[in-house]
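Visitor: need the 3D shape of this:
(one chain, ligands or ions: 1)
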Amino acid sequence: CIPIRRGHGHSKGLVVIFHDITRLKKLEKIRKDFVANVSHELRTPVTSLKGFAETLLEDPTIDESERNKFLTIILKESDRLQLLIQDLLELSKIENEHFRLDVEKTDLGVITEETIDLLAEKARRKKIDIDYNKQGLGVVLGDPTRLKQMFVNIINNAIAYSPEGSHIKVLVMEQASEVLFRVSDNGIGIEKSEIPRVFERFYRVDKARSRNSGGTGLGLAIVKHLTEAHEGRIEVESEPGQGTTFNIFLKKYKHK
Ligand code: ADP
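Guide: Numbering: from 1, shown residues only. From the prediction side, this is the model:
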């Protein structure tokens, strides 16, 4: 609030300046929540690693089989920590304003086949079969490494949140001006109210279940960012207990 004065300090009027601080406050809250989440996510595995290492060192009564059990847990927790740090670094790289995609003419069919090959062993262990179909050309202007990263996250989730022996359908379909990449599973599904939240960093519908599935809680946040960087869009359809479909629409490649 600034008084406007004329001559020798007589007040002529007031200029009132309103700043919209709600947006800033919201951003500040998101930042604080993120830091709190990261601290928690990092502290949990470290505490567990420390505990098991100390027990191994200090408890002379531990037998061979217990020792192996503890070492297996230590290895699993270290893997989780490594994955989390990797995803955090990825997200911060992608969110950086200087981040640029390395775009080239890319066949989504090839990227999809490579992704399915990469995850075939994981699917096989859960007796899940992945059915892949391609309709039309499916060529986009995109960053192949990043597109693969997106597809890995989506198909990996479909495997993680589906029961043993289920089916996953993957489709690449050329449309009028876009190419659709679709993954449908018959897994646990997502409640309608939770759907928009799954793209938030560290948001998990069921924390314990997601941890057990080996996820970091950052996968879909990364996918959303990368989809937007490609000027594409991502949509989710889901029915709890029935399954989930993720649709990613990317602009079709056009000859200049
Ligand atoms: P996470 O590492 O926990 O899987 P993501 O960011 O990849 O993290 O996904 C966020 C949350 O969205 C998951 O924890 C899970 O609750 C839900 N989710 C993602 N994909 C699926 C799916 N195909 N079926 C059911 N739930 C899913």
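Visitor: for this structure, give me the ranges with low pLDDT.
Guide: 1-3, 6-10, 256 (pLDDT under 70).
Visitor: what residue lies at the spatial centre of it?
Guide: In the chain, the centroid-proximal residue (CA atoms, centre = their mean) is residue 219; its distance is 1.7 Å.
Visitor: so that one touches residue 156, yeah?
Guide: Yes. Under the criterion of CB atoms under 8 Å, residue 219 makes contact with residue 156 at 7.2 Å. From N, CA and C alone the C-beta is placed, and that goes for glycine too.
Visitor: hang on, the earlier thing: which residues touch the residue nearest to the centre of the chain?
Guide: Counting by CB atoms under 8 Å, 6 or more residues apart in numbering, residue 219 touches 87, 153, 156, 157.
Visitor: quick one: the strands in the stretch 151-256 of the chain?
Guide: Along the stretch 151-256 of the chain, counting by DSSP state E, counting those that start in this stretch, strands occupy 167-174, 178-185, 233-239, 243-251.
Visitor: how about these in JSON lines, adding mean neighbour count?
Guide: Formatted as JSON lines, the strands of the stretch 151-256 of the chain follow (neighbours: other CB atoms under 10 Å):
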{"stretch": "strand 167-174", "mean neighbour count": "19"}
{"stretch": "strand 178-185", "mean neighbour count": "22"}
{"stretch": "strand 233-239", "mean neighbour count": "15"}
{"stretch": "strand 243-251", "mean neighbour count": "20"}
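Visitor: who wins for proximity to residue 12 among these?
Guide: The minimum distance between residue 12 and these falls on strand 233-239, with 52.7 Å, by CB to CB.
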